[in-house]
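Asker: one predicted model, sequence on top.
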Amino acid sequence: MSDVLNTIFPEARALEHWLVDIRRALHRIPEPGNEEHETSSAVRAKLDELHIPYTQIGTAVVGLLEGERPGRCVALRADMDALPIEEPADRPYASLHHGYMHACGHDAHMTVALGVAKLLSAHRHGFAGSVKFLFQPAEETTGGARPMIDAGCLENPHVDFVLGLHVAPELPVGHIEVKSGPFYGASDNLGIIIKGKSSHAAYPEKGIDAIVASASVIQALQTVVSRSISALDSAVITIGKIQGGTRNNIIADEVTLTGTIRTLSEEVRHSICSKVIDVCTQTASAFGASCEVHIRPSYPVLVNEEKATELVRDTAVQLLGESNVHLRQKPTLGVEDFAYYLQERPGTFWHLGCRRQENRSPSPLHSPDFDIDEACLPVGVAVQAASALRYLQAEP
């Protein structure tokens, strides 16, 4: 690595108190997707302090740090929204917004991005090209990545390469995890309406029981993955909500089911959605009921580029040591809207360990007890900053 790259980790560590202060300030003001007004204002204030210009798209903020000479452009994404979870009040930096909490680490993601901005702004005269900072709303809800892309966040200047990260409570501080190829799954929202015919419960033969039909539909759906998808592929169909019936002595004439479909390839995604429609309609029909199936596409499969992943892995090995850099073997069927950026540009998404070394049973993401070891923040800054610089310095 160049002289600048060799000093990045010590410089990132020197920022730790600054990073902790920012993270705790952001942690106190969690806001839901597309309502991150206070958060957006706090991010813009820090960019102003660093003399980094930015544009605003709703609550989204796009900062641009330009180097001394023209060159390629790297984008670093940090999601901003929080979850509707009540946080325990005994933390000194607990949420001030009732009913909301940064229980997925987005406060840490923003802090790392701001740390990279501060570190690289001190070296802006030493590199060619530019770095964009994509502070994105609504990752947890509607998917803020796609609207930002549609609004032009990857242009002016044209972004060549994208990097993203997520804190990982299963990994200790000082460790990271990377994976080439499919990493996160695709999701589709499933809605099923089964319509029968109401009658008195004592005379079921005069009606069509939508509840009985729905029970068979749910059972039949369990065979879609096991009998219609190759055992070498991964997919999940989950029905998470059932609603139907009005009284104990009335045959229900309508039942609504809602759930999710998760897959790891577009081919399986298309196949499984088509099969779900057939299974639901034909099973309901066997009971004399009708069935409407609504499948609303959500996030696509997140696929990391091999070269980009190797760049981050090699950078992290040099910074952290080979034993602290893990190659993930299997993808997850969780979802992440960073996938939209990777559909547009080469790049990679990786996991940043945030567990205290002595804590063997960390609270999971989306839990009211979730927290990070803030020592992970300089690690994230160093790996992101060094990876960005290495890409900018490499031959196109």
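Answerer: All right, it came through fine.

Asker: quick one: contacts for A113?
Answerer: By Cβ atoms under 8 Å, 6 or more residues apart in numbering, A113 lies in contact with L76, R77, A78, F133, F135, Q384. Every C-beta, even on glycine, is put in place using the N, C-alpha and C of the backbone.

Asker: what's the helix or strand for L221?
Answerer: helix 210-228 (DSSP states H and E).

Asker: so what does the next helix or strand after that helix touch, helix or strand wise?
Answerer: Next helix or strand after helix 210-228 toward the C-terminus (DSSP H and E): strand 235-244. Applying 3 or more Cβ pairs under 8 Å, 6 or more residues apart in numbering; DSSP states H and E, one finds that strand 235-244 makes contact with strand 186-195, helix 210-228, strand 254-263, helix 266-286.

Asker: check which helices and strands the third one is in contact with.
Answerer: Translated: strand 254-263. Contacts defined by 3+ Cβ pairs under 8 Å, 6+ apart place strand 254-263 against strand 186-195, helix 210-228, strand 235-244, helix 266-286.

Asker: do that again at 10 Å, thanks
Answerer: Here strand 254-263 touches strand 186-195, helix 210-228, strand 235-244, helix 266-286, strand 290-297, going by 3 or more Cβ pairs under 10 Å, 6 or more residues apart in numbering; DSSP states H and E.

Asker: that strand pairs with which strands?
Answerer: strand 186-195 (antiparallel), strand 235-244 (antiparallel) (DSSP bridges).

Asker: for I208, which non-adjacent residue is closest in space?
Answerer: Excluding the flanking residues, the one nearest I208 by Cβ to Cβ, 6 or more residues apart in numbering is G196, at 3.5 Å.

Asker: again with H37
Answerer: T59 (6.1 Å).

Asker: contacting residues for that neighbour?
Answerer: Applying Cβ atoms under 10 Å, 6 or more residues apart in numbering to T59 gives the contacts 31, 33-41, 43, 80-81, 135-138, 144.

Asker: do you know how far it is from P137?
Answerer: Using Cβ to Cβ, to the nearest Å, we find T59 at a distance of 5 Å from P137.

Asker: need the residues touching each of these two.
Answerer: Common neighbours of T59 and P137, counting by Cβ under 10 Å, 6+ apart, are E31, G33, N34, E35, E36, H37, T39, S40, M80, D81, G144.

Asker: quickly check the residues you listed for the two that are furthest apart.
Answerer: Of all pairs drawn from those, the greatest distance, 14.1 Å, lies between H37 and G144 (Cβ to Cβ).

Asker: between these two, who's got more neighbours?
Answerer: Higher neighbour count among H37 and G144: G144, with 28 against 13, using other Cβ atoms under 10 Å.

Asker: any idea how far the more buried one is from G63?
Answerer: According to Cβ to Cβ, G144 and G63 sit 16 Å apart.

Asker: do V317 as well
Answerer: Counting by Cβ to Cβ, the gap from V317 to G63 is 29 Å.

Asker: and for E336?
Answerer: E336 sits 22 Å away from G63, taking Cβ to Cβ as the criterion.
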